[in-house]
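Chemist: Give the three-dimensional model of this entry:
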Amino acid sequence: MVATVLLAIPLVAVLGLPREASLLDTAEDPTGSSAAGVDEHPVRPVTVNGPDLESFVENSTGSQVSFYRISDGKRTGTATERFARPALSLIKLYIAEYVIEHGTLAEQYEAINMISSSDDRLAGVLYRKYPESIDVVARKYGLLSTRAADRWGFSVTSTYDAVDFIAQLLEKDPTHPILVAMAGATPIAADGYGQDFGTSVLPGVIGTKWGWSDKQDLHSSVSFGENFVVAAAVTGSADDLTDLVEFQLTDEVGEAVRATAED
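Modeler: Numbering: from 1, shown residues only. Modelled structure (predicted):
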């Protein structure tokens, strides 16, 4: 096994989110990925025309994990958590936020459906109508690792950004339409893929958004509960992501759930 360092990083104070520093944690990564391997395959910025698909996937980073506890602002994550990597369907969260703010009523409902069923067709329709959506939302929410491409599927983000974004939605409106859509996600996605892996297996999860590549060799997810937001991503299978999440996040999430129960 190769060790992955879990580094507690102070949360950037965006829209009033609290800060807290904590101790360094070290844990093994069951997927065999590590921060040490990132420099060997640096992530190239996505150009406006988009890279070819093979080079895009080859430049995915190692495993990423990010955790945020709402009650006290505690934040931990892997050393890789801020690296931009293929956003997969997590990028639909940012498209949806823009459409809910600026789209027609019919488009707003399409955006909600796009989140709950991870509908690629709707993502294509909405992104063609609102190509500015990802970059505008990234600036608005301070998502420094998030960048758009000419096709939504080539865009990049990080688990750090995904957690930040969901945490800010929770602070702004705990019943925001995106959060409701995540809570009402369909068991099977529009393309027939099961939405039942990664961070969704953790205790106390209320809502989740999943992502996967066409070849099913990249997987990611972001989830929230009453007192936490978590995200993870791997170069590997859905089972690899679930194994990583259970190994790295079960204790952290369990503590957050217990803290909520005690209150």
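
Chemist: Give me the mean pLDDT for the strand or helix carrying residue 243.
Modeler: Taking DSSP states H and E as the criterion, the element that holds residue 243 is helix 238-262. Averaged across helix 238-262, the pLDDT comes to 91.

Chemist: again with stretch 120-130
Modeler: Here the average pLDDT along stretch 120-130 is 98.

Chemist: Then stretch 212-220?
Modeler: 95.

Chemist: picking up where we left off before, so which elements touch the helix holding residue 243?
Modeler: strand 25-28, strand 64-69, strand 218-224, strand 228-235 (3 or more Cβ pairs under 8 Å, 6 or more residues apart in numbering; DSSP states H and E). Any C-beta I mention is one placed from the backbone N, CA and C, and that applies to glycine too.

Chemist: Mind telling me what element residue 92 is part of?
Modeler: helix 91-102.

Chemist: pull the CA atoms of that helix into PDB?
Modeler: Taking Å, rounded to 0.1, in the frame of the first residue of the first chain, the C-alpha atoms of helix 91-102 are listed here in PDB:
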ATOM      1  CA  ILE A  91     -19.800  20.000 -13.100                       C
ATOM      2  CA  LYS A  92     -23.600  19.800 -13.600                       C
ATOM      3  CA  LEU A  93     -23.900  21.300 -10.100                       C
ATOM      4  CA  TYR A  94     -22.400  24.600 -11.300                       C
ATOM      5  CA  ILE A  95     -24.400  24.600 -14.500                       C
ATOM      6  CA  ALA A  96     -27.600  24.000 -12.500                       C
ATOM      7  CA  GLU A  97     -26.800  26.900 -10.100                       C
ATOM      8  CA  TYR A  98     -26.500  29.300 -13.000                       C
ATOM      9  CA  VAL A  99     -29.600  28.100 -14.800                       C
ATOM     10  CA  ILE A 100     -31.700  28.300 -11.600                       C
ATOM     11  CA  GLU A 101     -30.600  31.900 -11.300                       C
ATOM     12  CA  HIS A 102     -30.900  32.900 -14.900                       C
END
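
Chemist: hang on, the earlier thing: deepest-packed of the helices and strands packed on helix 238-262, please.
Modeler: Each of the helices and strands packed on helix 238-262 was scored by mean neighbour count; the highest is strand 228-235, a mean of 30, by mean count of other Cβ atoms under 10 Å.

Chemist: Run through the strands of this structure in chain order.
Modeler: Using DSSP state E, the strands of the chain run over 3-7, 25-28, 64-69, 75-78, 85-86, 156-157, 207-212, 218-224, 228-235.

Chemist: I'd like those written out as CSV, with distance to residue 110 added.
Modeler: As requested, the strands of the chain are exported to CSV (distance: least, Cβ to Cβ, whole Å):
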stretch, distance to residue 110
strand 3-7, 38
strand 25-28, 40
strand 64-69, 29
strand 75-78, 33
strand 85-86, 23
strand 156-157, 21
strand 207-212, 16
strand 218-224, 21
strand 228-235, 24
